[in-house]
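K.L.:
Just need the structure, nothing else, for what follows:
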Amino acid sequence: MSTRMSRCCLLLGIWLGVTAGLPAQELPLVLSTASMIDDIARNIGGANFVYDVIVPIGGDPHIYEPTPRDAHKCNEAALILRNGLTFEGWLNKLIENSGTRAEVVTVSKGVAAISSQQYTNATDPHAWMDASNGVIYAQNIRDAMIRLAPELEADLVASYERYKRAVEETDSYVMRQISSIPAEKRILITSHDAFQYFGRRYGIQLEAVLGTSTDADVQTSDIRRLNEVIRSTRVPAVFIESTINPRILQQIARDNGVVVGGKLYADSLGDSDTPAGTYLGMLRYNADVIFAGLSQERADAGDGHHSAVEEPSSITWLWGLLLAPIVLAVVVFLVRMVRR
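P.N.:
Residues are numbered from 1 along each chain as shown. Down below sits the predicted model:
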């Protein structure tokens, strides 16, 4: 055999070896808006699909601003999974601009929604915080995947049944943890109102600095309300959230002699190498942190009574933050007048 023929055979062999390792057809892309939904989808779909997410880990879906890359993801997707319930206010425009032909599925369909305490005719979007709703999410994702790939129905149903059992075990675990907290201490104070479904399911009172959306301004009335709740209930801890600036809540804790009980996850999972790196892991982690924080005794030895004329520094700090732009504008105006 000639040298040239040998080289041709070698190149042909390499090409055949490479192409043999490629799939006959590219797998469909399942695109989720948030990390919790993406994790559920991966558990149902397994290796039958490829997955991506729009809002990255640690991002805040309430105030997310889509990028051109997100429009490309939508265009490439075969299936788009969204939470709905007013969670992704930016999504409709993104989908419209992307030109996608993907089916868009609302995974919270069938959930008993909680009405928003802030906005008329609006709902609280954080339904996944109740693990029993996680089963509904999984059902909707299973059905959407079956419509996308009917030949995989048996596979997808089996995966769903396994995952459903894991969700139900997590639901029972969270119920036990929260029930173990003394009844008078079952008051959860967080950065924003993401735990109403959690509270309804597991029997815990919810209070928060912000409402169901983080796209709002903190009011002095909100801070006064939380100060009063902490003083009247003698709750031992408050809890920050992974996607929200903790400064105001940390100041409220200092003003009232309570501790920050830990960081909770609501609108995003934690990093993949943390206990909150999966949907079920997040729910279990939150339950553990809440149990540890609220089961402890108050660190201060005082009687909990404050002077009626005392102005907590958290409110003073907020007033300073609000007035700073006005003061700066006045100073600039005066400087310009002097220079004239």
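
K.L.:
which residues touch Val209?
P.N.:
For Val209, the contact set (CB atoms under 8 Å, 6 or more residues apart in numbering) comprises 190-192, 218, 222-223, 226, 248-249, 252. Every residue, glycine included, has its C-beta placed from N, CA and C.

K.L.:
Now Met175: closest residue in space, sequence neighbours ignored.
P.N.:
Residue nearest to Met175 in three dimensions, not counting chain neighbours: Tyr202, with 5.7 Å by CB to CB, 6 or more residues apart in numbering.

K.L.:
Kindly apply the preceding question to Asp288 instead.
P.N.:
Distance criterion CB to CB, 6+ apart; nearest residue to Asp288, sequence neighbours excluded, is Gln177 at 6.5 Å.

K.L.:
correct me, but that neighbour touches Asn286?
P.N.:
No: contact criterion CB atoms under 8 Å: Gln177 and Asn286 do not qualify, at 9.2 Å.

K.L.:
more neighbours, these two?
P.N.:
Shown here are Gln177 and Asn286; by other CB atoms under 10 Å, Asn286 has more neighbours (26 against 20).

K.L.:
what packs against the helix or strand harbouring the residue nearest to Asp288?
P.N.:
Element membership for Gln177, per DSSP states H and E: helix 153-179. Where contact means 3 or more CB pairs under 8 Å, 6 or more residues apart in numbering; DSSP states H and E, helix 153-179 is packed against helix 35-45, helix 131-148, helix 196-202, helix 279-295.

K.L.:
Pull the distance from the first one to the chain's centre.
P.N.:
Meaning helix 35-45. Its chain's average C-alpha position is 14 Å from that of helix 35-45, according to CA atoms, centre = their mean, to the nearest Å.

K.L.:
quick one: the strands in the stretch 1-150 of the chain?
P.N.:
Using DSSP state E, counting those that start in this stretch, the strands found in the stretch 1-150 of the chain span residues 29-32, 50-53, 79-82, 103-106.

K.L.:
Count the residues that sit near Ala183.
P.N.:
Neighbour tally, Ala183, other CB under 10 Å: 8.

K.L.:
let's number from 42 now, not from 1
P.N.:
Shifting the count to begin at 42 puts that one at Ala224.

K.L.:
gap between it and Met216?
P.N.:
As judged by CB to CB, to the nearest Å, Ala224 and Met216 stand 14 Å apart.

K.L.:
do the same with Ser149
P.N.:
Using CB to CB, we find Ser149 at a distance of 21 Å from Met216.

K.L.:
rewinding a little: can you lay out the strands of the stretch 42-191 of the chain as TSV showing distance to Gly302 and mean neighbour count?
P.N.:
Formatted as TSV, the strands of the stretch 42-191 of the chain follow (distance: least, CB to CB, whole Å; neighbours: other CB atoms under 10 Å):
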stretch	distance to Gly302	mean neighbour count
strand 70-73	30	24
strand 91-94	29	17
strand 120-123	32	24
strand 144-147	33	17
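
K.L.:
I'd like those strands laid out as TSV, including distance to Thr319 and mean pLDDT.
P.N.:
Formatted as TSV, those follow (distance: least, CB to CB, whole Å; pLDDT from 0 to 100):
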stretch	distance to Thr319	mean pLDDT
strand 70-73	14	98
strand 91-94	13	98
strand 120-123	16	98
strand 144-147	21	98
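
K.L.:
Could you dump those into CSV and include distance to Gln158?
P.N.:
Converted to CSV, those look like this (distance: least, CB to CB, whole Å):
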stretch, distance to Gln158
strand 70-73, 27
strand 91-94, 29
strand 120-123, 23
strand 144-147, 22
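
K.L.:
give me the number of residues near the residue nearest to Met216?
P.N.:
As a burial measure, Tyr243 scores 23 neighbours (other CB under 10 Å).

K.L.:
got a list of what it touches?
P.N.:
Listed by CB under 8 Å, 6+ apart, the contact partners of Tyr243 are 171, 215-216, 219-220, 328.

K.L.:
do Asp93 as well
P.N.:
Shown in contact with Asp93 (CB under 8 Å, 6+ apart): 70-73, 79, 114, 118.

K.L.:
One more pass at 10 Å, please.
P.N.:
With contact taken as CB atoms under 10 Å, 6 or more residues apart in numbering, Asp93 is in contact with 70-73, 79, 111, 114-115, 117-118.

K.L.:
Among these, which one sits closest to Tyr204?
P.N.:
Asp79 (13.8 Å; CB to CB).

K.L.:
ok, for that closest one, nearest residue in space, not its chain neighbours?
P.N.:
Distance criterion CB to CB, 6+ apart; nearest residue to Asp79, sequence neighbours excluded, is Ser73 at 3.9 Å.

K.L.:
looking at it, that neighbour is touching Ala82, isn't it?
P.N.:
Yes: the criterion here is CB atoms under 10 Å, and Ser73 meets it with Ala82 at 5.7 Å.

K.L.:
Can you work out which residues contact both of the two?
P.N.:
Common neighbours of Ser73 and Ala82 (CB under 10 Å, 6+ apart) are 92, 94, 120, 122, 148, 182.
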